[in-house]
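Colleague: Build me a model:
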Amino acid sequence: MVTTPVLKNNTIRYKSSRYSVPVGTYTKSKTASVREQHGKLEIYDSDGKLLTVHPLSSEPGSLVRNTHHARNTTEGVMVLLEDAKGVLGNTPETDRFLSYLHKTKARYIRDQLDIVMKSAREYGLEISRLAVRACLECREFSAKDFKDFADFQFRQVTMDQVQVHEPIRTAPAAPRADIPNLQLVRKDPAYYSDKIANGGK
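Modeller: Numbers count the residues shown, from 1 in each chain. Presented below is the predicted three-dimensional model:
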């Protein structure tokens with residue numbers, strides 16, 4: 001790693017060439033670290049966070065730039081965060097979740113917010129709030145975790161509805177056989193005495 005100053009125009013110098021870094025880098029970090037890797041130049045801020053990767057310049061004195069670096073994307077991200085709050089329900093829990101998501105996934109925050117909002121619209125507000133709460137309780141702050149929790153809550157609610165509405169099935173009653181009324185006929189004791197005397201005849 002080689003340390004080099006960040007210039008006011010948000011560029012750095014390396015081997016007689018200049019390379020652009022994202023707008024606002026100078027105000028946050030006055031130095032950057034650079035490293036050559038497979039024909040590329042990796043540029044990191046003073047905290048070790050990767051800022052950008054450029055192809056190595058083959059012409060001394062040239063400026064290697066990424067036109068995207070000239071744009072201030074902060075405003076766009078803030079608009080997306082506000083949109084996400086509206087989709088998830090503007091609650092303190094939502095604010096905390098989105099704040100952690102922005103902090104931990106800053107580099108991919110646009111993609112992360114896109115996945116979160118798409119999942120929230122698919123599963124609805126109630127399930128989205130349960131998913132946000134689950135993410136906070138488990139300290140899992142990514143769009144994938146949110147989507148997984150929302151999917152689990154959706155399947156759980158669906159199972160509960162099936163169990164509640166499923167009719168109770170009972171075995172059909174066995175057919176009753178018609179048994180004729182039986183009457184006990186009592187004989188006079190003399191009848192049995194005569195039978196015995198005659199050998200049962």
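Colleague: Identify the residues contacting the helix or strand where residue 109 lies?
Modeller: Under the criterion of DSSP states H and E, residue 109 resides in helix 109-123. When contacts are taken as C-beta atoms under 8 Å, 6 or more residues apart in numbering, the neighbours of helix 109-123 outside the stretch itself are 76-77, 80-81, 83-84, 87-88, 98, 101-102, 105, 128, 131, 142-144, 146-147, 150-151, 153-154. Yep, even glycine has a C-beta here, placed from its N, CA and C like the rest.
Colleague: Please report the number of neighbouring residues for residue 105.
Modeller: Applying the criterion other C-beta atoms under 10 Å, we find 16 residues in the vicinity of residue 105.
Colleague: hmm, back to that, just the buried ones from the contacts of helix 109-123?
Modeller: 80-81, 84, 87-88, 98, 101-102, 105, 128, 131, 142-143, 146-147, 150, 153-154 (16 or more other C-beta atoms under 10 Å).
Colleague: Among the residues you listed, name the ones in helices.
Modeller: When helices are assigned by DSSP state H, the members of those inside them are 80-81, 84, 87-88, 98, 101-102, 128, 131, 143, 146-147, 150, 153-154.
Colleague: For this protein, which segments count as helices?
Modeller: For the chain, the helices defined by DSSP H cover 25-28, 74-88, 92-104, 109-123, 125-138, 143-165, 189-197.
Colleague: re the thing from before, so the helix holding residue 109 versus helix 92-104, what angle?
Modeller: Between helix 109-123 and helix 92-104, the angle comes out at 150 degrees (axes from the mean of the first three to the mean of the last three C-alpha atoms, to 10 degrees).
Colleague: Next, the angle helix 74-88 makes with helix 109-123.
Modeller: Computed by the same axes, to 10 degrees, the angle between helix 109-123 and helix 74-88 is 20 degrees.
Colleague: where does helix 109-123 sit relative to the chain's centre, distance-wise?
Modeller: 9 Å (C-alpha atoms, centre = their mean, to the nearest Å).
Colleague: buried residues in that helix?
Modeller: Residues 109, 112, 113, 115, 116, 117, 119, 120, 123 are the ones in helix 109-123 that count as buried (16+ other C-beta under 10 Å).
Colleague: Turn those residues into JSON lines, columns for pLDDT.
Modeller: Supplementary listing: the buried residues of helix 109-123 in JSON lines, determined by pLDDT from 0 to 100:
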{"residue": "109", "pLDDT": "90"}
{"residue": "112", "pLDDT": "93"}
{"residue": "113", "pLDDT": "92"}
{"residue": "115", "pLDDT": "93"}
{"residue": "116", "pLDDT": "94"}
{"residue": "117", "pLDDT": "93"}
{"residue": "119", "pLDDT": "93"}
{"residue": "120", "pLDDT": "92"}
{"residue": "123", "pLDDT": "91"}
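Colleague: Good, wrapping up.
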